[in-house]
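[1] 3D model of this:
(chains A and B)
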There are 2 protein chains.
Amino acid sequence: MTVEFISVGTEILLGNIVNTNAAYLSEKCAALGLFCYHQSVVGDNEKRLEDAIKLAVSRSDIVILGGGLGPTADDLTKEVTAKVFGKALYEDPHTKSRIQDYFTHIQSKNITSNNWKQAMVPEGAIVVDNDNGTAPGLILEENGKIAILLPGPPNELKPMFEAKIAPYLNRLQPEGIYSKMVKVCSVGESRAETQIKDLLDNQSNPTIAPYAKTGEVHLRVTARAKNEEEADALIQPVIDELFVRFGDNIYTTKEDVTLEDAVVELLKEKHMTVTTAESCTAGLLAGRIMNVSGASSVYEEGYITYANHAKSKLLGVKKETLEKYGAVSEQTAREMAEGAAREAKADAALSVTGIAGPEGGTEEKPVGLVYIGCYVNGHTEVKEFHFTGNRAKNRDYAVVRALTFLREQLLKAERS
Amino acid sequence: MTVEFISVGTEILLGNIVNTNAAYLSEKCAALGLFCYHQSVVGDNEKRLEDAIKLAVSRSDIVILGGGLGPTADDLTKEVTAKVFGKALYEDPHTKSRIQDYFTHIQSKNITSNNWKQAMVPEGAIVVDNDNGTAPGLILEENGKIAILLPGPPNELKPMFEAKIAPYLNRLQPEGIYSKMVKVCSVGESRAETQIKDLLDNQSNPTIAPYAKTGEVHLRVTARAKNEEEADALIQPVIDELFVRFGDNIYTTKEDVTLEDAVVELLKEKHMTVTTAESCTAGLLAGRIMNVSGASSVYEEGYITYANHAKSKLLGVKKETLEKYGAVSEQTAREMAEGAAREAKADAALSVTGIAGPEGGTEEKPVGLVYIGCYVNGHTEVKEFHFTGNRAKNRDYAVVRALTFLREQLLKAERS
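    Residues are numbered from 1 along each chain as shown, chains lettered A, B, ... in the order given. So this is what the prediction gives:
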């Protein structure tokens, strides 16, 4: 079955808010095995909303509309959808009494009269109670087409979808779609695709879809099947083949595991701690590692050493090294990593020193030159990188490359 | 003139990424005086993409497509748009040499052959160089309709739009649209809107459009006028009135100045240095301050002290303080800020200690509780915050509140 979303609201068209509902609904519907081929946004305008609903109904089985159910005059979603489905509106006593209760609960003394507009529902619609606001959700079914109307605020839409709409959609499904994610690091997007070109060219069920992320490639393997066991039987051989192609560069096969999660997990497995010494990234690398809740067992302290004298004072980088090779050098990166490990009494350490730009570049040391040092159990390696982005991108890439580098060195230490 | 956006990518339909490009383009195009009535998302599918482009061209003057310009086989935007506009593709030598240079610059030895696909451009198209990637932007003009093709990654799309597409769109406009941005911190969105409700209710030319950002409110003042002088004459009185309403909480009236830019500038003006001592944000605050290129004159070193013993070792936080009040307390935040200033010999210091979640909360100290300390010239203040988001959101808010706090204390020191 196909599903499509229409987000209703002039505030989205003006860029006042980011349409996170669409991303949420996309992910949830994909997980429910629904095919989503279209999403659109329209403003609070009757004619354009009507056209959008008619187009959606003509090409998709299910249309989910988010927003435009509120009390004000420019909230039109319910009225226009009812019109397209040929239904009149009537006042629903159950919803009216819930609205009354809601205002009593929040101790609001004056209910403005336009709030009662929210108790009007289309004939024959399934009314879905809203536990976090006043506008109920609505489901209209007609001629094999379904319209689902949800309130726009994410804190109302999400819990309503989760608790009431997802189970409804699940009951409609004859066949399921199952997918697994294979996340690859240390390999660029084009290179990754070239390595699996034959698989991509000859796929039907399951399919592999590559997604480029900053310094990573995610491969979604999707199968259609009657049930999860059958899906697993289709998906697993593809995942096995991806392991043949990418080996250790696959850091997870779990949807919700990030690169930093994988690195922290690896450190935990090895009962190792890590520290960081950052110049150009100035805390972003540590901040990213600590995205992981509960990473306190692997990370205790870290150093931001932007100035040269801070590199010497906090990390013991030799003055001669800074004078002879400069702050952005293989030698300084090495001494930063070793000094950080020593000071923090950590088993591993990452150091980053480079020229993020736009200022500070020279002919010899251009913007984008970054050295990353990685110390693991007494052994230090340094890599030189040449990033080509703006300041923010160069720093983001440096963070990902550092995490990837640590992962490589931890795996290498394991094998030796 | 009307503009509409088509975001191309199955990864958006699957909910793998949030469509931040659409919000960005919406805001920018609104500022350019273009009317946006539709936005849509389609996957990497030739037929559906073709239908989407035809529909968009039929109802809007300008269609901006984001994504699907990359090197892989499922990147189809250029091919399909060229087909709709009746244009053949040819290899552009200028773009080919730029792609070659890009790979030389990043010292990539093997350019996979699919990369050359990005050098193919439609006949008659304006080629827009991509300074942050390999796929160029493209502008096609035909029969009074315009298609603008932009690379999908936000760090390529945004700078390209800013530097090259916005000026192009501006030249198309019969009347000028001029806007200025007023950025407000220390005031929440609803309070900001209440404070200027009378201005918002009675506006025509210029208009004020409020945008809520994490911990900030941006107010865009837009005027239609024949020229810049006339526009200034309309805009300036509104900006003056906004200063009457918000005073010092306005940190800039420049479009491209960020909160961290403003804070670093204030420190530079006062010839002061700052340092940071971070627990739950673990480097994100320092990383954000150092978003500012050339901030090395105000920031030399900083400390990430996740473990309690690190707070004592690096910052001299007393063991009794940690035992008696705990790591997440007003007293610890105070000693962290004072210790950081002392160790770094800095004029100012920010400290952050809190429970970002999802783990670690207790009845007494729930998830979201964060203390921020701010030391300025011998005087320390601590604020208590209760954030209500997930881990990432709580940490982001802590960073913004810390920057805002430092700004407030610097301005207060100035006045006293």
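
[2] In chain A, where is pLDDT below threshold?
    Applying pLDDT under 70 to chain A flags the ranges A:106-110, A:175-176.

[3] Just the buried residues of stretch A:387-399, please?
    Neighbour counts over stretch A:387-399 (16 or more other Cβ atoms under 10 Å in any protein chain shown) mark A:387, A:388, A:389, A:390, A:391, A:393, A:394, A:395, A:396, A:397, A:398, A:399 as buried. In this view, the C-beta of every residue, glycine as well, is placed from N, C-alpha and C.

[4] That stretch and chain B, any residue contact?
    Yes - Stretch A:387-399 is in contact with chain B by Cβ under 8 Å from any Cβ of the partner chain, via A:387, A:388, A:389, A:390, A:391, A:392, A:393, A:395, A:396.

[5] hang on, the earlier thing: so which of the buried residues of stretch A:387-399 sit within strands?
    Per DSSP state E, strands hold no members of the buried residues of stretch A:387-399.

[6] Would you point out the most distant pair within the residues you listed?
    The span of the buried residues of stretch A:387-399, defined through Cβ to Cβ, is set by A:388 and A:399 at 16.0 Å.

[7] Centre of the chain to the lengthiest helix in chain A, how far?
    Longest helix of chain A, by residue count under DSSP state H: helix A:391-415. Its chain's C-alpha centre and that of helix A:391-415 lie 20 Å apart, by Cα atoms, centre = their mean, to the nearest Å.

[8] can I get the buried residues of stretch A:387-399 in CSV with distance to residue B:115?
    What follows is the buried residues of stretch A:387-399, written out as CSV (distance: Cβ to Cβ, whole Å):
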residue, distance to residue B:115
A:387, 18
A:388, 14
A:389, 17
A:390, 21
A:391, 25
A:393, 19
A:394, 21
A:395, 25
A:396, 22
A:397, 18
A:398, 23
A:399, 25
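
[9] burial of the residue of the stretch 251-400 of chain A found nearest chain B, as a residue count?
    Using Cβ to the nearest Cβ, the closest approach of the stretch 251-400 of chain A to chain B is made by residue A:283 at 2.9 Å. Other residues near residue A:283 come to 28 when the count uses other Cβ atoms under 10 Å in any protein chain shown.

[10] Contacts only, for it.
    Counting by Cβ atoms under 8 Å, 6 or more residues apart in numbering or on different chains, residue A:283 touches A:302, A:304, B:276, B:278, B:282-287, B:290, B:302, B:304.

[11] so what's residue A:130 closest to, chain neighbours aside?
    With Cβ to Cβ, 6 or more residues apart in numbering or on different chains as the criterion, residue A:130 has its nearest non-adjacent residue at 5.1 Å, and that residue is residue A:136.

[12] now the helices: where do they sit in the stretch 1-150 of chain A?
    Using DSSP state H, counting those that start in this stretch, the helices of the stretch 1-150 of chain A run over A:10-13, A:20-31, A:46-59, A:77-84, A:93-105.

[13] and the first one, does that touch chain B?
    Put plainly, it is helix A:10-13. Yes - counting by Cβ under 8 Å from any Cβ, chain B is contacted by helix A:10-13 at A:12, A:13.

[14] likewise the longest one?
    Yes - contact of helix A:46-59 with chain B (Cβ under 8 Å from any Cβ) involves A:48, A:52, A:55.

[15] What lies in contact with that helix?
    Identification of contacts with helix A:46-59 by Cβ under 8 Å, 6+ apart yields A:2, A:4, A:6, A:8, A:37-38, A:40, A:42-43, A:63, A:65, A:68, A:76-77, A:80-81, A:83-84, A:145, A:147, B:37-38, B:55.

[16] list the helices and strands the helix or strand hosting residue A:321 packs on?
    Per DSSP states H and E, residue A:321 falls inside helix A:319-325. Counting contacts by 3 or more Cβ pairs under 8 Å, 6 or more residues apart in numbering or on different chains; DSSP states H and E, helix A:319-325 is packed against helix A:308-315, helix A:330-344.

[17] from those helices, which stretch is densest packed?
    helix A:330-344 (a mean of 24; mean count of other Cβ atoms under 10 Å in any protein chain shown).

[18] Helix or strand next in line after it, which one?
    strand A:348-354.

[19] Could you check what's spatially nearest to residue A:118, not counting adjacent residues?
    Nearest to residue A:118 is residue A:135, by Cβ to Cβ, 6+ apart, at 4.8 Å.

[20] now residue A:68
    According to Cβ to Cβ, 6+ apart, the nearest residue to residue A:68 is residue A:77 (3.3 Å).

[21] What are the neighbouring residues in contact with the one you found?
    By Cβ under 8 Å, 6+ apart, the neighbours of residue A:77 are A:8, A:49, A:65, A:67, A:68, A:69, A:149.
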